[in-house]
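**Q** here is my input, please return the structure:
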Amino acid sequence: MDKATIFSLVTTALGIIACYAVYLFMDRRRQKKANAGVQIPQKMLDDTSYIQEMKHLYGKVGFVVWQQYDFLLATQHYGWETMVDWAAYMESADIDKIDSIVVADMTEDSAVELAHVYNQTKGGLKNFERLAEERGSLSIAGHSRTLNESVKIGWLNQTRVLRVFTLINDETLITRYVETAIRRTFGTKDAMKLAQPVKL
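**A** Numbering: from 1, shown residues only. Have a look, this model is predicted:
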């Protein structure tokens, strides 16, 4: 075989290899686009959810869009002691640093920010004396380790409502977060799992 024939065979083989590589590249891009909207199903708990209903709202403050998630719980109305206990659990299980603690009554201008007082104490929310007096609402805010984002959680005394504010626009993720908070399963195998929907 002369050099011209060998050169022709080599360039033809290289051309075929290059075309095949381009085909593989394009096929992978097509598959990625086809799978882009497909979510991998999350493992669900073999139990009924404690969440009866969720409403998702949002509001803009300057350039920041806050997401508000209002959860109606499939439980009895909770009281002040439960609220404080729940806040203390979230502080120990998920919230890195408490940036805000607000208590209020149902009247206008009754909100009191307690974070500056709280951050000078070392007893945790469960033993924080300023939460000994029953109020109409309680909220805590800080950085969530689970969500890796700022979060504010609010409780309304004698209701079944739990409110979450965050920058995260993902209803499923926040529902999983709240289900975990209700069940107190942060750090367990059941953390961040959805439960079966409530049958109404």
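
**Q** the most centrally placed residue in the chain - nearest residue in space that isn't next to it in sequence?
**A** The centre of the chain sits closest to Ile174, judged by Cα atoms, centre = their mean, with a distance of 3.6 Å. Excluding its sequence neighbours, the residue lying closest to Ile174 (Cβ to Cβ, 6 or more residues apart in numbering) is Tyr69, at 5.0 Å. Backbone N, C-alpha and C define where each C-beta goes, glycine included.

**Q** and that neighbour, what pLDDT?
**A** Per-residue confidence (pLDDT) for Tyr69: 98.

**Q** hang on, the residue nearest to the centre of the chain in a helix?
**A** Yes - secondary structure of Ile174, determined by DSSP: H, G, I helix; E, B strand; the rest coil: located in a helix.

**Q** so it is in contact with Ile168, correct?
**A** Yes - applying Cβ atoms under 8 Å as the test, Ile174 and Ile168 come out as touching, 6.3 Å apart.

**Q** quick one: common contacting residues for those two?
**A** Among the neighbours of Ile174, those also in contact with Ile168 (Cβ atoms under 8 Å, 6 or more residues apart in numbering) are Gln67.

**Q** who's in contact with stretch 97-116?
**A** 87, 91, 118-119, 125, 128, 130-131, 135-143, 150, 152.

**Q** buried only: go through the residues you listed for me.
**A** By the neighbour-count criterion of 16 or more other Cβ atoms under 10 Å, these include these buried positions: 87, 91, 118, 125, 128, 131, 135-142, 150, 152.

**Q** any buried residues in stretch 181-188, and which?
**A** By neighbour count, with 16+ other Cβ under 10 Å as the criterion, the buried positions of stretch 181-188 are 181-183, 185-186.

**Q** repeat that for stretch 102-122.
**A** So stretch 102-122, judged by 16+ other Cβ under 10 Å, has buried residues 102-104, 114-115, 118.

**Q** okay, now the domains of this protein?
**A** Described in terms of automatic domain parsing, the domain architecture of the chain consists of the residue ranges 1-38, 44-196.

**Q** so which of those is the most surrounded?
**A** When the domains of the chain are scored by mean count of other Cβ atoms under 10 Å, the highest mean neighbour count falls to domain 44-196 (a mean of 16).
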